[in-house]
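*Asks:* Got a sequence here, can you build the structure:
(chains A and B)
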Amino acid sequence: MSASGRQGQPAGGRRAPGRLAINRLRERGPLDPETIDRFLARHGAPIVEGERATFLFRGEADEVFVRHRVVGLPDPLPLRRIGDSDLWAGTTDLPTGSRVEYQLETRHGERYHRFNDPLNPRVANSPMGSSSVCAAVGYQVPEWVHHDPEARPGDLVEEVVRSKALRRDQPVHLYLPARFSRAARYPLLVVHDGTDYLGYTAMKTVLDNLIHRLDTAPMIVAFVPPRDRLKEYPNHAPHARFVARELLPLLTDRFPLQDNPAGRTLMGSSFGGIAALSTAVRYPGLFGSLFLQSASLVFTDIGTDHGGGPFFDPVVRFVNRYRARPSAPVDRIFMTCGTYEPLITPNRSMVPVFRATGMTVKYTESRDGHNWENWRDQLRDGLSWLHPGPQLFVYE
Amino acid sequence: MTTILLGPQRFQTTATTVLRSLGTDGPVATINSGWEEREDVVDELDAALDGRAVHLRLHHRMLDVLAKDHAFASAALAFRDRHDDLLALYRLRLHHALDGVYAVQRRVWSTPGFGVGFGAVDDGIEGVRSVDRWYLRALRDLYGDFAAHSPIDGSGVIGWHRGEIEAILAHAAALVMPGGHVGTLLRTLRLFALRIPDSLPVIAWSAGAMALTERVVLFHDHGPEGASESEVFDAGLGRVRGIVVLPHARRRLRLEDRARCAILARRFTEQHCVLLDDGTTVRLRADGSLPAGARILGVDGIVHEVRPR
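*Replies:* Numbering: from 1, shown residues only, chains lettered A, B, ... in the order given. Next comes the predicted model:
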């Protein structure tokens, strides 16, 4: 399993004490506001001690909950009031290396209110809004995510492609690596949900850094956003035609690309993973590799009750059909999935199915959920496996 | 013939002392085309060579050739594509062959007495050597096709550069070859058909040292995607014989993994696998053999020193 970005200790080097801080506070007896102030100032929130995390809320409410989407933990996770004070707390398991996104929810009578943890400054953003982040001991944001002044930046240009298949103008952000040269040949990566990858995984910065560090080959990347994601991504013929028959020829014509399947990779997360896989299945042999992150590989073994709602119907039909007659549309797949997300079981289940077709599959898991920072943290492993940089060649 | 191989120079610069120890006067030719677009950023190198450096600028010359000789540029690009295809197939075969060797070795080493006398590991390694030989044969054929169909020797611009390079080397008191991208370095050496006169003393480190050997072996156990198998890349200049050069060995190899190192050493058993770490100086003997004290990887997977004769 991969442990990318999960080495080392979080800031402050938190260690497991004999008793939890919240229990030591509770045993002091009646709590005055100043004592609670000092406690919060000292520990922050949530308090991570060994493999336990204590979530806190301060304020008046009838009930307080932690809301999250971690498979295996109760949701909602209730907090309890500490004595007669206005401090609420709840402790749960948090294995080493974990990273969890959550919000708090209060109930006042019939009214429920959900919000980010006001005691925790750490938030993650996504198209759905922001969430608070709780990082366990052993989790660290990979250093290659941050801007490196020594890494020469590539160019990002926005273009519009007239698509007959989609019957519209399709915007595309094109990444050209630093030191781009027409005398070289570059692999091509097509990224579904391209705007979100740029916005929520800092993928341009990541590419600049990974290329600078020789981890990843200099490559041309097409970041493609959807218009109607739920329609276009689950096995949609016009979308596949756009990628394979319009975008790829256009880019091959304009840029010095490695003109063979090994040089072409489709990438996507969640529904975008299905878009990548279904495009490859519709055009077998055209692309050499897939980079699938928490792909929505939901299927049923009998019946149609998949539990995902109507948006998943075309996904399930596609995956069921694929499972009935598995094929090898590409040579290599790099798959990642978070162990705390509902898609972990379908993803694990698909690994042997893919491998049985003869494709080379590298599958990694992280102690994280269905979110963009998890997908960001796996970029180095995936990109360097699919298109390794010249490290093997450089001996300074 | 004087040839001196050094450890990496970034953290411990020994090139200055070693150059002075040659007792030569006059210009020192350098080949640093492995630095690619940084080839002309030579302040530190100039200082290390006492201001005597005359840079051959092979990378710059290669770009000039690519810009001016379109027939060659097109043929070179086609060659790169074919070489990439070959490398992809080689890596596939190599990884499967090595996986087999590791699996057999694990079983044999973990169970005392098991499999003794069958020679399963040796035979497996012979299979890996066979893959290496196949790759080098196919690569030689590729070069043959390229030479037969592309106009290198008839190219005016290439000929002009070759003439200049030859003239510089003819007046050089020594040649220095630093590190960098060994693939680019080899490509430029091949393009300009560089021949180093036996009488010219050579000091080389890292990729430069690799390029002097008969067989360039790429290795990196600590890449971002974990252990990558060592692979034969190309033939070098062949000035240094019977040696596989392993620069940055401590940084790049899992030297503590005796089993893995043993297979590496046994795979290239006809050569000495020489470790070139920081501070290393290996002054080859007159007959080209290794001096006493040179550190080599033994077939037992342990680092040894060459004994005095």
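*Asks:* what sits against A:Ala165?
*Replies:* Counting by C-beta atoms under 8 Å, 6 or more residues apart in numbering or on different chains, A:Ala165 makes contact with A:Pro238, A:His239, A:Arg241, A:Phe242, A:Arg245, A:Glu246. Where C-beta positions appear, they are placed from N, C-alpha and C, glycine not excepted.
*Asks:* List, one by one, the residues from chain B near chain A.
*Replies:* Residues of chain B that fall close to chain A, judged by C-beta under 8 Å from any C-beta of the partner chain: B:8, B:10, B:34, B:37, B:63, B:66, B:73, B:77, B:80-81, B:84-85, B:88, B:179-184, B:206-207, B:210, B:218-220, B:223-225, B:228, B:231, B:233, B:247-248.
*Asks:* Mind checking which of the contacts of A:Ala165 are in helices?
*Replies:* Cross-referencing the contacts of A:Ala165 against helices under DSSP state H gives A:Pro238, A:His239, A:Arg241.
*Asks:* and the first one, how many neighbours does it have?
*Replies:* Other residues within reach of A:Pro238 by the criterion other C-beta atoms under 10 Å in any protein chain shown amount to 15.
*Asks:* Equivalent analysis for A:Arg114, please.
*Replies:* Neighbours of A:Arg114 under the rule other C-beta under 10 Å: 11.
*Asks:* do A:His370 as well
*Replies:* Count around A:His370 with other C-beta under 10 Å applied: 22.
*Asks:* OK, contacts around it?
*Replies:* Neighbours of A:His370 in contact, by C-beta under 8 Å, 6+ apart: A:Arg69, A:Ser270, A:Ser294, A:Gly338, A:Glu341, A:Pro342, A:Leu343.
*Asks:* ok, back up a step: contacts with chain B among the ones in helices among the contacts of A:Ala165, please.
*Replies:* Counting by C-beta under 8 Å from any C-beta, no member of the ones in helices among the contacts of A:Ala165 reaches chain B.
*Asks:* Put together TSV for these, with pLDDT on each row.
*Replies:* Listed next are those as TSV, based on pLDDT from 0 to 100:
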residue	pLDDT
A:Pro238	98
A:His239	98
A:Arg241	98
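*Asks:* Closest to chain B out of those residues?
*Replies:* A:Arg241 (27.3 Å; C-beta to the nearest C-beta).
*Asks:* burial count for the closest one?
*Replies:* A:Arg241 is flanked by 18 other residues according to other C-beta under 10 Å.
*Asks:* Contact partners for it?
*Replies:* A:Arg241 makes contacts with A:Ala165, A:Arg282, as judged by C-beta under 8 Å, 6+ apart.
*Asks:* now do 6 Å
*Replies:* Contacts for A:Arg241 (C-beta atoms under 6 Å, 6 or more residues apart in numbering or on different chains) come out as A:Ala165.
*Asks:* Kindly report the same for A:Ile220.
*Replies:* With contact taken as C-beta under 6 Å, 6+ apart, A:Ile220 is in contact with A:Tyr186, A:Leu188, A:Phe255.
*Asks:* got the buried residues for stretch A:30-49?
*Replies:* A:Leu31, A:Ile36, A:Phe39, A:His43, A:Ala45, A:Pro46, A:Ile47, A:Val48, A:Glu49 (16 or more other C-beta atoms under 10 Å in any protein chain shown).
*Asks:* now the last one: how far from B:Arg38?
*Replies:* Okay, so that is A:Glu49. To B:Arg38, A:Glu49 is 49 Å away according to C-beta to C-beta, to the nearest Å.
*Asks:* As a check, name the ranges of all helices in the stretch 151-300 of chain B.
*Replies:* Listed in chain order, the helices of the stretch 151-300 of chain B (DSSP state H, counting those that start in this stretch) span B:156-170, B:182-191, B:207-211, B:249-252, B:258-267.
*Asks:* Would you mind listing what in the stretch 151-300 of chain A touches chain B?
*Replies:* The stretch 151-300 of chain A comes close to chain B at residues A:Ala183, A:Asp215, as judged by C-beta under 6 Å from any C-beta of the partner chain.
*Asks:* A:Ser130 against A:Val123, yeah?
*Replies:* Yes - counting by C-beta atoms under 6 Å, A:Ser130 touches A:Val123, with 4.6 Å between them.
*Asks:* Let me see the domain layout of chain B.
*Replies:* If you go by automatic domain parsing, the domain ranges for chain B are B:3-66+B:153-305, B:71-149.
*Asks:* Check chain A too.
*Replies:* Taken from automatic domain parsing, chain A resolves into A:21-135, A:143-393.
*Asks:* Those: which one's closest to B:Thr3?
*Replies:* Closest to B:Thr3 of the domains of chain A is domain A:143-393 (C-beta to C-beta; 22.7 Å).
*Asks:* Can you check the distance spanned by that closest one, start to finish?
*Replies:* In domain A:143-393, first residue to last residue: 24 Å (C-alpha to C-alpha, to the nearest Å).
*Asks:* same question, stretch A:300-314
*Replies:* Start-to-end, stretch A:300-314 (C-alpha to C-alpha) is 12 Å.
*Asks:* Next, the buried residues of it.
*Replies:* For stretch A:300-314, by 16+ other C-beta under 10 Å, it's A:His306, A:Gly308, A:Phe312, A:Pro314.
*Asks:* which among those residues gets closest to B:Glu164?
*Replies:* Nearest to B:Glu164 out of the buried residues of stretch A:300-314 is A:Pro314 (C-beta to C-beta; 65.3 Å).
*Asks:* Reformat the contacts of A:Ile220 as a markdown table; add secondary structure.
*Replies:* Converted to a markdown table, the contacts of A:Ile220 look like this (DSSP: H, G, I helix; E, B strand; the rest coil):
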| residue | secondary structure |
| --- | --- |
| A:Tyr186 | strand |
| A:Leu188 | strand |
| A:Phe255 | coil |
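*Asks:* Quick check: of these, which lies closest to A:Val351?
*Replies:* Scanning those for proximity to A:Val351, where the rule is C-beta to C-beta, the winner is A:Leu188, at 25.5 Å.
*Asks:* low-scoring pLDDT stretches of the stretch 151-300 of chain A, where are they?
*Replies:* Along the stretch 151-300 of chain A, no part satisfies pLDDT under 70.
*Asks:* Can you name the residues that contact the closest residue to chain B within it?
*Replies:* The nearest approach of the stretch 151-300 of chain A to chain B comes at A:Asp215, 4.5 Å away (C-beta to the nearest C-beta). Applying C-beta under 6 Å, 6+ apart to A:Asp215 gives the contacts A:Ser384, A:Gly389, B:Pro224.
*Asks:* just B:Ala265 next, same as before
*Replies:* Contacts of B:Ala265 by C-beta under 6 Å, 6+ apart are B:Cys273, B:Leu297, B:Gly298, B:Val299.
*Asks:* Would you write a ChimeraX line that selects the buried entries of these?
*Replies:* If you want just the buried ones from the contacts of B:Ala265 in ChimeraX, going by 16+ other C-beta under 10 Å, the selection is:
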select /B:273,297,299
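*Asks:* Take the contacts of B:Ala265 and write them to TSV, including pLDDT.
*Replies:* Putting those into TSV (pLDDT from 0 to 100) gives the following:
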residue	pLDDT
B:Cys273	98
B:Leu297	97
B:Gly298	96
B:Val299	95
